[in-house]
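Enquirer: Model the structure of this input:
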Amino acid sequence: MSFDFTDLRLFVNVLDAGTITAGAAASFVTLASASERIRGMEAALGIPLLVRDRRGISPTPAGRTLQSHALIVLQQLDRMQGDLGDHASGLRGHVRMMCNSAAISDWLPDRLADFLCTHPGISVDLDERASQEIVDAIRGNTCDIGVLADSVDTTGLQSFLLGNDPLMLVMPRDHEWVRRKQVSFAEVAHCPLVGLQAGSALDDHLAGHARRLGVRLRYRIRLRSFEAICRMVGQGVGLGVVPRSAAQRYARSAKAKAISLTDPWAGRSLVICVRDAEVLPAHARQLIERLRQLERSATASA
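Expert: Numbers count the residues shown, from 1 in each chain. Here you go, the predicted model:
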């Protein structure tokens with residue numbers, strides 16, 4: 001069995017397009033060449049890869065397996081080409097990094113800026129994802145480093161504790177709950193809310209817990225930052241759920257009050273997660289160590 005990169009990219013394009021004709025066009029090969037390549041792949045394997053009918057094509061179980069592996073191979077090829085291009089332009093390292101909403105909005109920017117300023121040859125691809133998606137990406141080797149909540153299962157991966165950062169409720173100072181020390185998410189879920197933009201990792205996280213309660217959250221407005229949420233809450237627009245780090249930084253100046261959520265899933269910590277730190281490139285290990293050093297320094301001075 002011998003497939004080249006053109007075969008793999010053609011096969012992925014055909015499945016994405018739904019027809020061999022459209023897949024051939026997307027791969028910049030003729031229809032005759034595309035058909036011959038796919039027949040050659042099936043002959044080499046001795047099994048059909050596609051089901052062909054009047055509506056187009058669909059993968060057989062073997063075709064789905066090949067598609068999954070082809071995507072990984074092509075992603076690695078694209079990454080290799082990008083990394084080599086970075087070397088040609090003077091960059092000496094590249095890190096794929098994913099973070100949840102709490103990390104990317106409040107915890108990470110200053111710390112990551114410190115590392116990038118002192119390591120001018122390193123570049124970072126940064127993506128916001130829900131914590132479970134980050135773990136899946138690390139297991140699938142499509143992410144080098146994740147910063148996420150410890151509430152998800154990281155069995156088989158390496159995790160390094162950064163610090164406690166539970167979710168808290170912020171409310172106006174004249175709210176009826178202002179004298180309470182804690183509240184359950186079940187109570188909060190029925191109130192008008194101020195939240196992050198739809199599709200953010202924290203938004204998806206809260207929506208999932210609301211669905212388990214049989215409730216659909218009611219947002220009066222969605223914003224891009226925890227600071228904006230606290231400011232809007234302080235004006236009396238609604239309640240908000242933010243990480244403790246954001247509440248400590250913004251609630252007082254926004255004239256808002258923060259109290260704890262009683263739900264176990266809200267009492268979380270932030271962790272750095274990797275598949276195996278020992279096999280990461282040196283620059284990725286340096287980034288992990290620097291983030292941990294900065295967190296220890298911030299905790300000691302708090």
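Enquirer: only C-alpha atoms for contact and neighbour calcs from this point on.
Expert: Fine.
Enquirer: Nearest to the middle of this structure, which residue? Look it up for me.
Expert: Most central in the chain under Cα atoms, centre = their mean is Arg129, positioned 2.1 Å from the mean C-alpha point.
Enquirer: Which residues are in contact with that residue?
Expert: Counting by Cα atoms under 8 Å, 6 or more residues apart in numbering, Arg129 makes contact with Met98, Cys99, Asn100, Ser101, Ser200, Ala201.
Enquirer: And the residues you listed, which two are furthest apart?
Expert: Met98 and Ser200 (12.6 Å; Cα to Cα).
Enquirer: now the helices: where do they sit in the stretch 51-200 of the chain?
Expert: With DSSP state H, counting those that start in this stretch as the criterion, the stretch 51-200 of the chain has helices at 61-88, 101-102, 108-118, 131-139, 185-188.
Enquirer: Pull out the buried residues from the last one.
Expert: Put plainly, it is helix 185-188. Across helix 185-188, burial judged by 16 or more other Cα atoms under 10 Å covers Phe185, Ala186, Val188.
Enquirer: I figured the first one hits Ser260, correct?
Expert: The reference is to Phe185. No: taking contacts as Cα atoms under 8 Å, Phe185 lies outside contact range of Ser260: 9.9 Å.
Enquirer: Leu49 - nearest residue in space that isn't next to it in sequence?
Expert: Distances taken as Cα to Cα, 6 or more residues apart in numbering put Gly63 closest to Leu49, at 4.3 Å, once the chain neighbours are dropped.
Enquirer: What's the separation between that neighbour and Phe185?
Expert: Separation of Gly63 from Phe185 (Cα to Cα, to the nearest Å) stands at 45 Å.
Enquirer: how many other residues sit next to Arg52?
Expert: 13 (other Cα atoms under 10 Å).
Enquirer: just the one 4 residues further on next, same as before
Expert: Gly56 sits with 15 neighbouring residues when counted by other Cα under 10 Å.
Enquirer: What of Ala149?
Expert: Neighbour tally, Ala149, other Cα under 10 Å: 30.
Enquirer: Asn100 too?
Expert: The local packing of Asn100 (other Cα under 10 Å) involves 24 other residues.
Enquirer: My understanding was that it contacts Val152; is that so?
Expert: No: counting by Cα under 8 Å, Asn100 stays clear of Val152, with 11.9 Å between them.
Enquirer: shared neighbours, these two?
Expert: Ser131.
Enquirer: quick check, Val29 in a strand?
Expert: No: applying DSSP: H, G, I helix; E, B strand; the rest coil, one finds Val29 to be coil, outside a strand.
Enquirer: Need the pLDDT of it.
Expert: In the predicted model, Val29 carries a pLDDT score of 89.
Enquirer: any idea how far Gln67 is from it?
Expert: 19 Å.
Enquirer: repeat for Asp144
Expert: Distance of Asp144 to Gln67, computed by Cα to Cα: 23 Å.
Enquirer: which of these two has more neighbours?
Expert: More neighbours surround Asp144 than the other of Asp144 and Gln67, with 25 against 20 (other Cα under 10 Å).
Enquirer: quick one: contacts for the residue lying closest to that one once chain neighbours are set aside?
Expert: Closest residue to Asp144 apart from its sequence neighbours, by Cα to Cα, 6+ apart: Arg96 at 5.1 Å. Neighbouring residues of Arg96 by Cα under 8 Å, 6+ apart: Val124, Asp125, Leu126, Thr142, Cys143, Asp144, Ile145.
Enquirer: List the ones among those that fall in strands.
Expert: If you go by DSSP state E, the contacts of Arg96 have Val124, Asp125, Leu126, Ile145 in strands.
Enquirer: The third one pairs with what?
Expert: On DSSP bridges, the residues paired with Leu126 through beta bridges are Met97.
Enquirer: Help me confirm that it comes into contact with Met97.
Expert: Yes: here Leu126 reaches Met97: they are 5.0 Å apart, a contact under Cα under 8 Å.
Enquirer: Comparing those two, which shows the higher neighbour count?
Expert: More crowded of Leu126 and Met97, by other Cα under 10 Å: Met97, with 21 against 15.
Enquirer: Any regions of the stretch 51-200 of the chain where pLDDT drops low?
Expert: 78-79, 81-92 (pLDDT under 70).
Enquirer: now the stretch 201-302 of the chain
Expert: Applying pLDDT under 70 to the stretch 201-302 of the chain flags the ranges 301-302.
Enquirer: now the helices for it?
Expert: Using DSSP H, counting those that start in this stretch, the helices found in the stretch 201-302 of the chain span residues 201-212, 226-234, 244-250, 282-301.
Enquirer: Deepest-packed of those helices, please.
Expert: Comparing the helices of the stretch 201-302 of the chain on average neighbours per residue, with mean count of other Cα atoms under 10 Å, the densest one is helix 226-234 at a mean of 24.
Enquirer: What lies in contact with it?
Expert: So helix 226-234 is in contact with 105-106, 170-173, 194-196, 223, 238-240, 242, 246-247, 250-251, 254-256, going by Cα under 8 Å, 6+ apart.
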